[in-house]
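**Student:** no letters, just coordinates:
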Ligand code: ACO
């Protein structure tokens with residue numbers, strides 16, 4: 001196997017419409033105080049009725065390509081992580097391949113819930129190490145507002161839309177880049193977070209629509225506990241394998257699901273809060289886009305610099321969880 005991959009460029013795109021806590025208080029029985037105290041969220045973004053996942057994925061990808069100094073026709077593969085693709089098939093990755101003008105390269109979507117981008121980056125690394133691809137475009141994109149039940153206050157306040165992208169290629173010095181990854185799943189807990197209808201188990205009927213079964217269903221407090229233990233586990237595995245300590249990590253980029261979850265994992269690792277990146281107040285939970293957007297913003301803010309050690313960690317539907325240890 002050849003050298004590991006490194007990040008050559010990042011990008012992101014969120015829609016313009018801002019959904020505030022005040023607005024949500026007008027459609028369900030909730031309040032700014034409840035949402036901020038329980039989740040840390042203040043705003044999230046929502047796409048217009050004419051937009052689909054690829055409409056956010058394409059500009060995020062173009063920004064990452066520009067930053068990397070790579071032309072779309074140099075890409076060897078495109079992987080899109082999403083549970084809200086433009087259509088169930090063909091894959092949104094194929095739509096992106098066409099719209100950015102890439103060659104007829106492999107392009108496919110993967111479904112690993114909010115951990116999707118972590119799974120996709122680990123796959124990209126394997127293709128790069130084997131020499132099957134040189135430059136891989138990885139995108140996490142999610143339009144969760146499209147599968148939100150707007151009458152369920154326990155979920156509709158949590159989610160937003162967005163896309164984050166990375167262009168990865170072979171590490172230039174063999175030391176910078178992906179130092180390791182950890183991926184895991186537990187299908188026994190699958191129905192704690194899922195969309196009941198729309199697949200082969202329960203195809204669309206008038207009844208499934210009337211019962212709101214084409215929207216996200218979540219047992220929030222069960223997921224909460226699992227989120228803290230699984231994200232902590234991924235951190236521990238990666239830190240121990242690299243023979244580091246939690247204090248050796250410059251920045252923790254966790255899936256932005258709930259501020260209290262991020263703070264709990266940070267406390268269990270005994271790291272200071274300023275090492276835990278937070279942008280949940282601006283975007284809410286954007287699922288597979290979440291850590292990709294966070295890494296892009298952390299780089300823009302100068303919180304990830306050359307030499308930084310960064311842990312990108314997520315959990316989500318599946319259940320799935322996992323992480324990547326980067327050296328920038
Ligand atoms: N406004 C006001 N009250 C509310 C709201 C709301 N928006 N939502 C729920 N409540 C009420 C409940 O009805 C309940 O009332 P009751 O005590 O009268 O029955 C009370 O608040 C407490 O409800 P809990 O569900 O116990 O509240 P909790 O503190 O657990 O917070 C939350 C709920 C925010 C969903 C939390 O459990 C959480 O963040 N869980 C993790 C979710 C998550 O991380 N998902 C990530 C994976 S999903 C993905 O990434 C796509």
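**Tutor:** Alright, I've got the coordinates. Fair warning: this is a prediction, and the values are worked out from it, not measured in the lab.
**Student:** check contacts around residue 250.
**Tutor:** Residues in contact with residue 250 (CB atoms under 8 Å, 6 or more residues apart in numbering) are 275, 304, 308, 309, 310. (C-beta placed from N, C-alpha, C; glycine too.)
**Student:** TSV for those, including secondary structure and distance to the ligand?
**Tutor:** TSV is the format used below for these (DSSP: H, G, I helix; E, B strand; the rest coil; distance: CB to the nearest ligand atom, whole Å):
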residue	secondary structure	distance to the ligand
275	helix	20
304	coil	23
308	coil	25
309	strand	25
310	strand	20
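**Student:** these into CSV, with extra columns for neighbour count and pLDDT?
**Tutor:** Formatted as CSV, the contacts of residue 250 follow (neighbours: other CB atoms under 10 Å; pLDDT from 0 to 100):
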residue, neighbour count, pLDDT
275, 16, 98
304, 24, 98
308, 16, 97
309, 17, 98
310, 24, 98
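**Student:** just give me the closest of those to residue 85.
**Tutor:** When the contacts of residue 250 are ranked by distance to residue 85 (CB to CB), residue 310 comes first, at 27.8 Å.
**Student:** in space, what's closest to that closest one - neighbours in sequence excluded?
**Tutor:** residue 326 (4.4 Å; CB to CB, 6 or more residues apart in numbering).
**Student:** can you confirm the one you found is in a strand?
**Tutor:** Yes - when classified by DSSP: H, G, I helix; E, B strand; the rest coil, residue 326 is found to be part of a strand.
**Student:** burial of it, as a residue count?
**Tutor:** Per other CB atoms under 10 Å, the neighbour tally for residue 326 reads 27.
**Student:** separation between it and the ligand?
**Tutor:** Going from residue 326 to the ligand by CB to the nearest ligand atom, to the nearest Å gives 21 Å.
**Student:** what about residue 164, which helix or strand?
**Tutor:** If you go by DSSP states H and E, residue 164 is part of strand 161-170.
**Student:** related to what we said a few turns ago, farthest pair within the contacts of residue 250?
**Tutor:** 275 and 304 (11.7 Å).
**Student:** which neighbours do these two share?
**Tutor:** Joint contacts of residue 275 and residue 304 (CB under 8 Å, 6+ apart) are 250, 251.
**Student:** in the protein, which residue is closest to the centre?
**Tutor:** Nearest to the mean C-alpha position of the chain, counting by CA atoms, centre = their mean, stands residue 288 at 2.4 Å.
**Student:** does that residue touch residue 114 like I think?
**Tutor:** Yes - between residue 288 and residue 114 a contact is recorded at 5.8 Å, counting by CB atoms under 8 Å.
**Student:** and which of the contacts of residue 250 is nearest to residue 84?
**Tutor:** Distance to residue 84 across the contacts of residue 250 (CB to CB) is lowest for residue 310, with 26.3 Å.
**Student:** what pairs with the closest one across the strands?
**Tutor:** Beta-bridge pairing for residue 310 (DSSP bridges): residue 251, residue 326.
**Student:** tell me the contacts of it?
**Tutor:** Contacts of residue 310 (CB under 8 Å, 6+ apart): 249, 250, 251, 252, 253, 295, 298, 304, 325, 326, 327, 328.
**Student:** what secondary structure does residue 83 sit in?
**Tutor:** Quick answer, by three-state DSSP: residue 83 is coil.
**Student:** and the closest residue in space to it that isn't next to it in sequence, how many neighbours does it have?
**Tutor:** Once flanking residues are discounted, residue 83 sits nearest to residue 111: 5.7 Å by CB to CB, 6+ apart. By the measure other CB under 10 Å, the count of residues near residue 111 is 14.
**Student:** I'd say residue 111 and residue 79 touch.
**Tutor:** No - with contact defined as CB under 8 Å, residue 111 and residue 79 do not form a contacting pair (11.6 Å).
**Student:** can you list residues touching both of these two?
**Tutor:** With CB under 8 Å, 6+ apart, residue 111 and residue 79 have no common neighbours.
**Student:** tell me who's in contact with residue 273.
**Tutor:** 263, 266.
**Student:** check the gap between it and the ligand for me.
**Tutor:** 18 Å.
**Student:** how much space separates that residue from residue 266?
**Tutor:** Applying CB to CB, to the nearest Å, the value for residue 273 to residue 266 is 6 Å.
**Student:** shared neighbours, the two?
**Tutor:** Shared contacts of residue 273 and residue 266 (CB under 8 Å, 6+ apart): none.
**Student:** next, work out how far apart the closest residue to residue 171 other than its chain neighbours and residue 310 are.
**Tutor:** Among residues not flanking residue 171 along the chain, residue 177 sits closest, at 3.8 Å (CB to CB, 6+ apart). Residue 177 is 11 Å from residue 310, where distance means CB to CB.
**Student:** can you check which residues contact both of those two?
**Tutor:** Common contacts of residue 177 and residue 310 (CB under 8 Å, 6+ apart): 326, 327.
**Student:** what segments of the protein are helices?
**Tutor:** Assigned by DSSP state H, the chain shows helices spanning 21-27, 32-39, 53-68, 92-100, 116-130, 153-156, 206-210, 220-241, 259-269, 280-283, 290-300.
**Student:** which residues touch residue 215?
**Tutor:** Taking CB under 8 Å, 6+ apart, we find residue 215 in contact with 147, 148, 149, 152, 195.
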